[in-house]
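Participant: A predicted structure for the sequence below; I have some questions about it.
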Amino acid sequence: MSKNEKEKRVGVFVCHCGKNIAGGVDINALLEYAKQLEGVVFVAENRFTCSEEGQTTIKDAAKEHDLKRVVVVACDPTLHLATFQRNAEKVGIDPAFTDLIDIRKWTMHGSPQKVDSEQALENSKRLIQQTVKRIRLKRAIPKVEVQVEPSVLVIGGGIAGVEASLDLADKGYKVFLVERLPTIGGKMALLYKVFPTNDCAPCILAPKTAYANLHPNITLLTNSEVIDVKGHVGNFQVKVLKHPRYVDEKKCNADGICVEKCPAKAPNEYSMGMGKRKAIYIPFPQAIPHKAVIDPEPCLYFQKGVCRVCEKFCPTGAIDFEQKPETLELKVGAIIVAIGFEEYDPSAKKEYGYGQLSNVITQFQLARLLDIDGPTKGKLLRPSDGKEPQNVIMIQCVGSRDEKSNVYCSAVCCMYALKHAQTIKHMVLPDAEITICYLDMRTPGKGFEEYYQHTRDLGVVFIHGKPNEIRENPKTKNLKVAVEDTFLGESIVFDADLAVLSCAMMPAKGTKKLAEMLRIEVDESGFLKEAHPKLRPVETNVRGVYICGCAQGPKDIPDAIVQAKAAASCADSELRKGKILLPEFIVKAGKPD
Amino acid sequence: MKEYALFLGCLIPARLPHIEAISVKVLDKLGIKTKDIVNASCCPDPVVMKSLDFHSWLAIAARNLSLAEETGADILTLCSGCFSTLSKANHLLKHNAELKGEVNKLLSEINRSFSGKINVKHVVEIIRDIGKETIEQQVKKPLKQLKVASHPGCHLVRPSNILHVDDPNTPTIQDEIVSWVGAEPVNYALKMLCCGVGIKMVDPEANLSLLREKLANLKETEANCIVTSCPFCFMQFDKEQREVSRKFGESYTFPVFYITELLGLALGFSPEEVGLHLHTTPVKEV
Amino acid sequence: MSKKRDPKFRKEILSTPGGETIQHCYQCGSCTGGCPTSFYTNFRVRKVIHQSLLGLRDDVLSGNDIWMCTVCFTCQERCPTGVEVTDLMLALRNLATKEGYAPAPLKNVFKALFETGHEFPFTGYTRKLRRELGLSETPPLTISSPKALEEVQKLMKMGGVSHLLKSSEMKK
């Protein structure tokens, strides 16, 4: 070991960050302090250390003064640590020996942790002292070259999961697409139409899901869930529990005879609880795999040991009550989490009477009613008496922008309310009176403002005001909606036949549990947390695990697809060379027992 | 046997003393002991006094709370107004150390202090806590002929982050008690609508219109009487139906019972003992 | 029509008990939609909040609107963004009272409280009725204790209510 290495010569580089740091602490005092610390042989200041000029200062100083350790005193390491490490590596300094410490949080206007300049100086001195000491005690962690598994696990078979899977499969990776429902397609398959094109949702989705089913590189694992994850990037060991369908997928030809004959019924989750399905069922016409599945809970055979009518009538002998759950052990190089969302349950908003008043439904339920393949075959029939409503009121921001439930805006509700209003007007009840009660109309995407204009041109009326209460006439089940029309400045009670609540988008069930399994974080609203809200929206705090789609936060289909492609690209960047360098202890820890 | 410090307030002892009388009798019969809070004053009311000066409102309330604390028992209020004031003052002072310090400084001038060791209860929750079985056992005259619309009033359940008596949107506390005394509770759309007494002094016309809205809705149901646990609401329904009828050319004659009057009748007290002859809107059913 | 905006009004409200949450308001009108008074008068509580945030101090404090609230708390219960709407109306009333705008009937109630310790009088009729009902003629409250009344009056004076003890007309 050279004498200089023994000395562990440290260079300290204090950043001004414009006025962000220089305006909140005495830079000179910091430089003077750092100079006299043991091991520090060079100090410098820069206006913007992350700039090319700043990076050059570090490289030049390292060469000139034979630095072995670099401490940059500036901003949040999640922003630029990698930048400085790569920079120092160019002059032979191991990344372990470059550190970036954040004093900007104490000095910058607008930072929630800002303190006065004396306190900032004290805090910064202490932090610099600790960092210099630590970086001299540190040992470089040996890196091990690890052969990666050229495969990716995608959790969630909605549009985001399917898109990510297709991209990766096309790039040549093996993809395991795990979906907990018996079909892929997610929520998009149930939307009937999508904005702003008013395309048929399952129609534009089907080519993707069909291709995912056929793609030689994709293995579809439906009716399955991830139950254990071990390992590290390049080499994750995943256990997947495949629940039995009780139908042999190879033999089932989806002729539907079993469904017709089955006597047992259950609420249809694909119709959001409106209408029923059988114990044996095919989720919807475009379901992939297009095969029947038995739900053991309502099934008379599983509950009482009788029936088996489906088996009797199945011409191909596809029914197999003996199927058992299977646990698969997969080795993958990266994981993409695309588990989507669920609709907020507005029963908690007692003032709107959802769950008590029969003619109060949610937008998802409306989507199912409007769907030609839905429970009412596309006729808009209200729940209480099956009559077509003449007077529909939609209420925005139910469970969103609400400190009592979810503080965030759910991004898509304004647009899907407009979409449903258009669908009703164009296709179902052109003369129905539709009123949308809103707080703000948020229509920022391409074609969205025009979509809003078109909705107004169809005669849909907008009230700026959030209804206070919905009441019901107990005999007719007609509704009265009490709202202040703020533009009129009048408190009015409007009549309505049907009220539709635009509910918040919530994280999918099981998000927290899965996050814990993967050791990634969730944010305050329960969505999966990105590594940095601005610069790293699809990465997580765990290398090799990526998030996309509504699992990361409310968004529409184009944005979900963008994130899916981004996550696939991240996984590809990580795995494409076939090997990666990892700190030795991670590899040792990650080895299976 | 739990003992409570009975907070009488002003409206009941001064204007509706029959409610004081029957409430004490009913509580005694149901095994609830009460003691006086000697020298308590007006709570002071949560509408007028709080509108004029928050600091005096809080100081006087704190004095009442400190008097009750001396008895060592939780407060039992007969009136929703007192319940609202005392609960809120208690809550504010318990959770805001700075405010508590300021108020205690004022109280020390009259040799008192607030410590925050008691709770405030409304008579209707005490009755609910006695429970279905005990009350049904004691009922001598089930009030079968009564179809009772519950008017919970505003100050019993709102704001729900401080008052935890019942659900603020669909409270059933009075309806339950109604069914325990053998009567039939009747639900109606405008159950949670305010009786309007808060603007009576400032806009009596609007007040009558508001009251009429409520009575008109009741007329659409099977209800033949109203029950309430707030003396202000009681006076609205008892004394103003004539005015409403006159003003709008309609006829409203719903008898109104205080919750303890209803219990009194069911437990066997005579209509005179309960004080029904002192109602303005006549009570004919019983 | 030009209106004078008072930038200090907002701070005044924020530092009055009950007014601390006014800035959360995003004018959704959930409050007014359930306000009982709004169906029979021109009172719109949402509008009063907006006027207050704009700093239209004179309009708000001298107007009738803030006295039209029945204090039923329906608005406060509904507000999705945490504005304590009813408590805010009471805070505005406190500020208006300091300016001398309290309606006369309310000031009379205050007077009764100051003079007797109770807002309702114990008349001869009351005493007779109480006797007949088997109760004490006057209950063991402040009405029966001059010392207690002194305590109450002392607290009220320290609370700073001299402006209420003087008479002044309600400005319509």
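Facilitator: Arrived safely.
Participant: three-state assignment of residue B:182?
Facilitator: coil (DSSP: H, G, I helix; E, B strand; the rest coil).
Participant: mind checking how far the closest residue to chain C within the stretch 251-400 of chain A is from residue C:44?
Facilitator: Per C-beta to the nearest C-beta, residue A:351 is where the stretch 251-400 of chain A lies closest to chain C, at 6.6 Å. Any C-beta I mention is one placed from the backbone N, CA and C, and that applies to glycine too. Counting by C-beta to C-beta, to the nearest Å, the separation of residue A:351 from residue C:44 is 19 Å.
Participant: do the same with residue C:15
Facilitator: Following C-beta to C-beta, the distance that separates residue C:15 from residue C:44 is 25 Å.
Participant: ok, residue B:158 next?
Facilitator: Taking C-beta to C-beta as the measure, residue B:158 falls 20 Å from residue C:44.
Participant: same question for residue B:140.
Facilitator: For residue B:140, the distance to residue C:44 - C-beta to C-beta - is 51 Å.
Participant: same check on residue A:212?
Facilitator: Using C-beta to C-beta, residue A:212 is found at 55 Å from residue C:44.
Participant: again, but for residue A:401
Facilitator: Between residue A:401 and residue C:44 the distance is 21 Å, computed by C-beta to C-beta.
Participant: then residue A:376?
Facilitator: When residue A:376 is compared with residue C:44 (using C-beta to C-beta), they lie 40 Å apart.
Participant: out of these two, which sits in the busier spot?
Facilitator: When neighbours are counted by other C-beta atoms under 10 Å in any protein chain shown, residue A:376 and residue C:44 differ, and residue C:44 comes out ahead with 24 against 18.
Participant: got the contact list for residue A:406?
Facilitator: Shown in contact with residue A:406 (C-beta atoms under 8 Å, 6 or more residues apart in numbering or on different chains): A:344, A:399, A:400, A:504, A:506, A:525.
Participant: so what pLDDT did the fourth one get?
Facilitator: We have a pLDDT of 97 for residue A:504.
Participant: pull the number of nearby residues for it.
Facilitator: Close neighbours of residue A:504, defined as other C-beta under 10 Å, add up to 27.
Participant: cool, and the last one?
Facilitator: Residue A:525: 15 surrounding residues under other C-beta under 10 Å.
Participant: what comes up buried for stretch A:263-277?
Facilitator: Neighbour-count burial for stretch A:263-277 flags A:264, A:268, A:270, A:271, A:272, A:274, A:275, A:277 (criterion: 16 or more other C-beta atoms under 10 Å in any protein chain shown).
Participant: so who does the residue sitting furthest away from the middle of chain B touch?
Facilitator: Farthest-out residue of chain B from its mean C-alpha position, per C-alpha atoms, centre = their mean: residue B:109, at 32.1 Å. For residue B:109, the contacting residues are C:154, C:155, C:158, by C-beta under 8 Å, 6+ apart.
Participant: hmm, try it at 10 Å
Facilitator: The contact partners of residue B:109, by C-beta atoms under 10 Å, 6 or more residues apart in numbering or on different chains, come to B:59, C:151, C:154, C:155, C:158.
Participant: any chance of those in JSON lines, with pLDDT, neighbour count and distance to residue A:583 too?
Facilitator: Conversion of the contacts of residue B:109 to JSON lines gives the following (pLDDT from 0 to 100; neighbours: other C-beta atoms under 10 Å in any protein chain shown; distance: C-beta to C-beta, whole Å):
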{"residue": "B:59", "pLDDT": "95", "neighbour count": "25", "distance to residue A:583": "65"}
{"residue": "C:151", "pLDDT": "94", "neighbour count": "22", "distance to residue A:583": "73"}
{"residue": "C:154", "pLDDT": "92", "neighbour count": "15", "distance to residue A:583": "73"}
{"residue": "C:155", "pLDDT": "92", "neighbour count": "25", "distance to residue A:583": "69"}
{"residue": "C:158", "pLDDT": "85", "neighbour count": "16", "distance to residue A:583": "68"}
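Participant: for these, which one is nearest residue A:104?
Facilitator: residue B:59 (47.9 Å; C-beta to C-beta).
Participant: look up how far residue A:403 lies from that closest one.
Facilitator: Residue B:59 is 31 Å from residue A:403, by C-beta to C-beta.
Participant: domains for chain C, by residue range?
Facilitator: Segmentation of chain C into domains, based on automatic domain parsing, reads C:7-98, C:104-165.
Participant: from the chain's centre, how far out does the shortest one sit?
Facilitator: Read that as domain C:104-165. 19 Å (C-alpha atoms, centre = their mean, to the nearest Å).
Participant: what does stretch C:103-113 give?
Facilitator: 11 Å.
Participant: only C-alpha atoms, please: export that stretch in PDB.
Facilitator: C-alpha atoms of stretch C:103-113 as PDB (Å, rounded to 0.1, in the frame of the first residue of the first chain):
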ATOM      1  CA  PRO C 103     -77.200  42.400  16.800                       C
ATOM      2  CA  ALA C 104     -79.100  43.900  19.800                       C
ATOM      3  CA  PRO C 105     -81.000  40.700  20.700                       C
ATOM      4  CA  LEU C 106     -77.700  38.900  21.200                       C
ATOM      5  CA  LYS C 107     -76.300  41.700  23.300                       C
ATOM      6  CA  ASN C 108     -79.400  41.400  25.600                       C
ATOM      7  CA  VAL C 109     -78.600  37.800  26.200                       C
ATOM      8  CA  PHE C 110     -75.100  38.800  27.100                       C
ATOM      9  CA  LYS C 111     -76.400  41.400  29.500                       C
ATOM     10  CA  ALA C 112     -78.600  38.800  31.200                       C
ATOM     11  CA  LEU C 113     -75.600  36.600  31.600                       C
END
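Participant: does any bit of that stretch sit next to chain B?
Facilitator: Yes: remark: stretch C:103-113 sits within contact range of chain B at C:103, C:104, C:105, C:106, C:107, C:108, C:109, C:110, C:112, C:113, by C-beta under 10 Å from any C-beta of the partner chain.
Participant: tell me the one of those nearest chain B?
Facilitator: So of these, ranked by how close each gets to chain B (C-beta to the nearest C-beta), first place is residue C:105, at 3.9 Å.
Participant: let me see the mean pLDDT of the helix or strand hosting the closest one.
Facilitator: With secondary structure defined by DSSP states H and E, residue C:105 is part of helix C:104-116. The pLDDT scores in helix C:104-116 average 93.
Participant: spatially, which residue comes closest to residue B:255, not counting chain neighbours?
Facilitator: In space, and not counting its chain neighbours, residue B:255 is closest to residue B:283: 4.1 Å by C-beta to C-beta, 6 or more residues apart in numbering or on different chains.
Participant: can you check residue C:138 too?
Facilitator: residue C:144 (4.9 Å).
Participant: try residue A:158
Facilitator: Closest to residue A:158 by C-beta to C-beta, 6+ apart is residue A:186, at 2.4 Å.
Participant: model confidence for that neighbour, exactly?
Facilitator: For residue A:186, the predicted pLDDT is 96.
Participant: and the single nearest residue of the stretch 301-450 of chain A relative to chain C, which of the three is it?
Facilitator: Closest contact between the stretch 301-450 of chain A and chain C, by C-beta to the nearest C-beta, is at residue A:402 (4.1 Å). The three-state label given to residue A:402 by three-state DSSP is coil.
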